[in-house]
Structure formats: structure tokens, C-alpha cells
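J.: Next comes the sequence, and after it the predicted model I'd like to discuss.
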Amino acid sequence: MKVAVEGCCHGELDKIYETIAFLERKEGVKVDLLLCCGDFQAVRNEADMKCMAVPQKYRQMQTFYKYYSGEKAAPVLTIFVGGNHEASNHMQELPYGGWVAPNIYYLGYAGVVRYRGVRIGGLSGIFKSHDYRKGHFECPPYDQQTVRSAYHVRNIEVFKLKQIRQPMDIFLSHDWPRGIYHYGNKSQLLKRKSFLRQEVESNSLGSPAAAELLQHLQPAYWFSAHLHVKFAAYMQHQAQKDLLPKATKFLSLDKCLPHRDFLQIVDIEQDPSASDRLEYDPEWLSILKNTAGLVNTTARTWNMPENNGLFSRWDYSASESGLKEVQSDLGGDLRVPENFSATAPHYDPNNPQLQREPTYAVNPQTTELCACLGLTDPNACRTEGVSWEEEEEDNLSTGSAEEPSEYPTDTSGLSSSVNPDEITIEEEWEEEDGEEAAIQSPPARLVLPSPSRTSSSDGLIENRPPFSLSASLPEPMGVSSSEEFTNEELARHEGAGLTDGIEGNSSPPSGESSAARPPKRISGENAATGQGMKKMKRRNQTIYTARGEEEGEEGDC
């Protein structure tokens, strides 16, 4: 099936769907599924914008509300994970996932679903060590700290995902797995994003929790966003026992803007006998049932169970009996019920309600799923004032917020990079007049790769690297400013063929004219007049400092 992968959405649903429709008409294909890798911004009304960690000037309604209200319908099934620019009050209503609008499905804090036999997992948010071992304690109205911590990854979600034993086809995250840049064209990445050099050299770029999941899950595909750059990599894992070694094809994409690499379509092998409806994953639901007693809705730090002599149980993976129990709970029907219901009023452009304040809602979808499977609804716990501090005392060790991270080399809160292309909380922007970005002509055609090159059976690589890469992410490597790749090395590292799909933007293959470039995003902006786009320049270029953890994560992308 044709799967469209999109980087950071930033609420631009109209433009994303328009781009997909253009590609379908241009190439005569039909996109079956859209995957979005975070910063989705499912903003329903003015109150939701107050729960989004962006500067005031970037609190814009965009177009999601049209799909929430029913004014428009999503033309393709859309699945997404959360990032660090979200309406967190809306996302918190669906901790286990659910519909945010008809045909638009959120995977929750972490989740796994199936579509046409393809298993899709995801982890929402970004990694910050100082919140990693806390519970999901935040609730609206947020303050300057909780509006950020609400989207930070927690160890309970990573622990659940590490209980998975069955193969994973696709995995989504917002931030990158730490160290993945060693498996792609690192030189080209640093040419495009030179501010990342220090973190790449120190091996501190990305999420250590995601890197841990990458090694455990070893999915066929891993899609990310966050850094607003297209980057592809190919990681071959070490063989386990008598099994053949697996490989992961990684792709990160840009944000939805004109002339940016924000969208790519790839072919994924499907099960022709599988349902056309989105389905629950039995193993994942069994894991949710097994870990229901580990729910923590407080700011107290908790360690997850492990085989260290301190816990009576550390294996919460699904058993055969557990899988059968899930099937029984669902009455043998794994289809995700199409039970979207609005829990907040939608934005009315003819009657703005600027004074509307955030509300705290318990979503019926979550209530229904919890009742069916016997899960704990964290929102109900907060609403009822239930504290889980006294439960599981014999099984869970706790610590103070001052304890060091379980990732001893973590520097996630001390990034020194300055990304001139990202939205940050405290920064102001100014337009730089007199400088124009080059406007590239629309391409005359697209080059659609043959299915044999982009099927999941053959991978997205035509010529795989002739060498084996260790499953362990490498130790920090020095990156020379003069580091270059030969043509042969570029062919190996250009992203496992992930640069060959139908894209929203790409450079033409060697030997082709510029007229053969894949199309940019469809937009009327500057297209009719041919005028250049204004560049955005930051006033303060020293925001990524060690103050990040204390003063509010200015370095979030």
C-alpha cells in the first residue's frame, strides 16, 4: 500500500491533504495511509491554543478545527504521534490513543495498532531526563513548567513498549533515536544543520530512550521529525540466536512549508486478507492490561521494575492466555470503534471566543476502552483526586527528583545547539527584508520507483551497504569539517533508498535536469507573483544554554 509520511504538521492539515491529492493526480496513485511524526497541533478552539507551548505570535488556529467540527473530512486515514508543540489538554484526554476527529487517529502517549496487516507503533513527545521518571501529573490550566513537561516522554511508556515481543513494521517518534545519525550521510546532515555539530560529536543528539527502543523493537521502518530536516539512514542490527539479522530504515522529514522536504510516499507490503479498518493490536492491549497497576499520576519519580533483585515481577509481556483474554474482552472484534465524539466546542471564525479558558475533560473513548479492558484512566484519577503513591510500594522503588538520570551520559537538558529554523518558547523573530530565498520552478514530472525497490520485502534500498553495522549505537565520533563522502559512499548512505519515493521536495537524481525534481508543497504563497520569500532571523542566538532545564526548555524544536 502507498503510505505518505509527513514530518512536523504544525496544524497545516489542509496543505498536507492538498499535497497528497496533487501527488495522486500527478502519478495516478492512491495514498492509503498518512503517518504524521508529531507537532500535529490538534487545536480545537482558542482555549486549546493556551495549552500549546509556543510563543504568543505562533498561537494560530490553522486548519485542524475544520476536521474536528465536521466542516471537512480527512480524505485518507491519518495516524499521528504527539510532539512538543501540541494542544496538550486535548492529547491528555486520550492517553491510550483515540480519534481526535473522524478518520484522524492519535496513538496516545505510546501505542500500537494494525492497518491492513501492517503493525504501526509510536511514542509521543520528546525526551527530557528531569521528567522521565515522573508520572503524567500535569493537567490544565498549565503553568510555564507543566505546559512543557506535559509532552515529555515518561519511563512507563518506554517500559510498556519494551514488553513487545512480536515484530514491528513501522515505528513513529517525534525526536530522533540517539546515535542514528552515524548510520546515514552525517556530512550532508551537518552541512544542512551545522548547529548540530557539537551534539553529533558528543553523541548527545536525540533521545536515549528512543535509541533503546530502536534496539529492542528493530522495526523495518522508523519515521521521525523534530529537527526540521530530511535525513535518511540504514541500520543493520546484530543477528539474534539463529535468526537472520534485521535492518531498520530510518527517515526524518521537515516541517510543512513551501519548498521543504516534508512529505514522502513509500510502498509498504500489506496483507491482502487483512481488514481495511484500523485495528487494535492484541499484544499491545494485553501489555496495557498487565501494566495497569503501574500507572502514576503524581510528580513523584518512579523506577520501572527490572530484574535486579528488588522486584517480585519485572516481565509484563503478553502471554497466550493474556492474548485470549483481550480477544474475549473485545468480543473477537479487533476493529477500532469509530466512536469519535467532540469534548470541547470548535472554533468559529465568525464568533471568536478569545477569553475561552482550557477545560479538563474525560474523553468517552478513553472511558469506554478502560471499561472494556479494565484499564486505569489517568484523567479520572486526577479528576477524583486519586493518588497512586500508596499502591505498589513493595514493587516499585522511588527516588527524589535530584537523582541522576538512568541514562548517565544524558545531556538532553544542556543542549548548546542553536537551531535558527525552529520555534522556541522565549524567542522572538524578525523578518529580514532585502534577502530573498530562491524560488525553484515546479517540476515537470515525478519519478515513481518500481514496487520492487520500495516494498517492505526488499526494503527501500536497491544496493544495501556491503558491510554490517553493529546493533549498538556507536560511541561518539569526531566529525571533521572537511569530512566528505565519495560517490559510492553517498549511494550507500543516502538513506536506504528512502530518498527515492514520491516526495514533497527533493533534489533531482544525478544526470537529470532540474525539471525532473519532485514537486514542492502546493501553495499559493509567492507562486503567482514569483516573489521571493522573506527569511526569518532570530535576534538572540544563545538560547540553548544550561539554563534549559531551569528556565523552560528554550531548546525544544
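T.: Good, I have the coordinates.
J.: could you say which helix or strand contains Thr19?
T.: Using DSSP states H and E, Thr19 sits in helix 13-27.
J.: Where does pLDDT dip in this structure?
T.: 382-557 (pLDDT under 70).
J.: make it 50
T.: Low-confidence segments of the chain, defined by pLDDT under 50: 384-403, 409, 411-418, 421, 425-497, 499-500, 506-555.
J.: Could you give me the buried positions within the helix holding Thr19?
T.: Leu13, Lys15, Ile16, Tyr17, Thr19, Ile20, Leu23, Glu24 (16 or more other C-beta atoms under 10 Å). All C-beta spots, glycine's among them, are computed from the backbone N, C-alpha and C.
J.: What of stretch 327-347?
T.: Using 16+ other C-beta under 10 Å as the test for burial, stretch 327-347 gives Asp329, Leu330, Leu334, Val336, Pro337, Phe340, Thr343, Ala344, Pro345, His346, Tyr347.
J.: I'd like those residues as a markdown table, with secondary structure appended.
T.: Shown next, in a markdown table, are these (DSSP: H, G, I helix; E, B strand; the rest coil):
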| residue | secondary structure |
| --- | --- |
| Asp329 | helix |
| Leu330 | coil |
| Leu334 | coil |
| Val336 | coil |
| Pro337 | coil |
| Phe340 | coil |
| Thr343 | coil |
| Ala344 | coil |
| Pro345 | coil |
| His346 | coil |
| Tyr347 | coil |
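J.: of all the residues you listed, which comes closest to Gly70?
T.: Nearest to Gly70 among the buried residues of stretch 327-347: His346, at 8.4 Å, using C-beta to C-beta.
J.: Run through the residues that contact the closest one.
T.: Listed by C-beta atoms under 8 Å, 6 or more residues apart in numbering, the contact set of His346 reads Arg44, Asn45, Tyr65, Tyr68, Ser69.
J.: Assign the third one to helix, strand or coil.
T.: I take that to be Tyr65. helix.
J.: Next, the contact list for the spatially closest residue to it that is not a sequence neighbour, please.
T.: Of all residues not flanking Tyr65 in the chain, Tyr347 sits nearest, at 4.2 Å (C-beta to C-beta, 6 or more residues apart in numbering). Residues in contact with Tyr347 (C-beta under 8 Å, 6+ apart) are Val43, Arg44, Asn45, Glu46, Met61, Tyr65, Ser69.
J.: Which element, helix or strand, includes the first one?
T.: This means Val43. Under DSSP H and E, no helix or strand contains Val43.
J.: before we move on, what about Ala47?
T.: Taking DSSP H and E as the definition, one finds Ala47 inside helix 46-49.
J.: can you list contacts of that helix?
T.: So helix 46-49 is contacted by 42-43, 59-61, 87, 89-90, 344, 347, 352-359 (C-beta under 8 Å, 6+ apart).
J.: Please apply the same query to stretch 357-367.
T.: Under the contact criterion C-beta under 8 Å, 6+ apart, stretch 357-367 has outside partners 47-48, 50-51, 89, 93-96, 98-99, 139-142, 339-341, 343-344, 377, 379-380, 382-383.
J.: Of the residues you listed, grab the buried ones for PyMOL.
T.: A single PyMOL command selects the buried members of these (16+ other C-beta under 10 Å):
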select buried, resi 47+48+50+51+89+93+94+95+96+98+99+139+140+142+340+343+344+377+379+382
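J.: quick one: which of the contacts of stretch 357-367 sit in strands?
T.: Judged by DSSP state E, the subset of the contacts of stretch 357-367 located in strands is Gly98, Trp99.
J.: Number of residues surrounding Glu121?
T.: To be clear, residue 121 is Gly; Glu isn't right here. Gly121 has 24 neighbours, counted by other C-beta atoms under 10 Å.
J.: what about Ala232, helix or strand, and which?
T.: Counting by DSSP H and E, Ala232 is part of strand 231-236.
J.: how close does the residue lying closest to Gln62 once chain neighbours are set aside get to Cys256?
T.: In space, and not counting its chain neighbours, Gln62 is closest to Gly11: 2.8 Å by C-beta to C-beta, 6+ apart. To Cys256, Gly11 is 9 Å away according to C-beta to C-beta, to the nearest Å.
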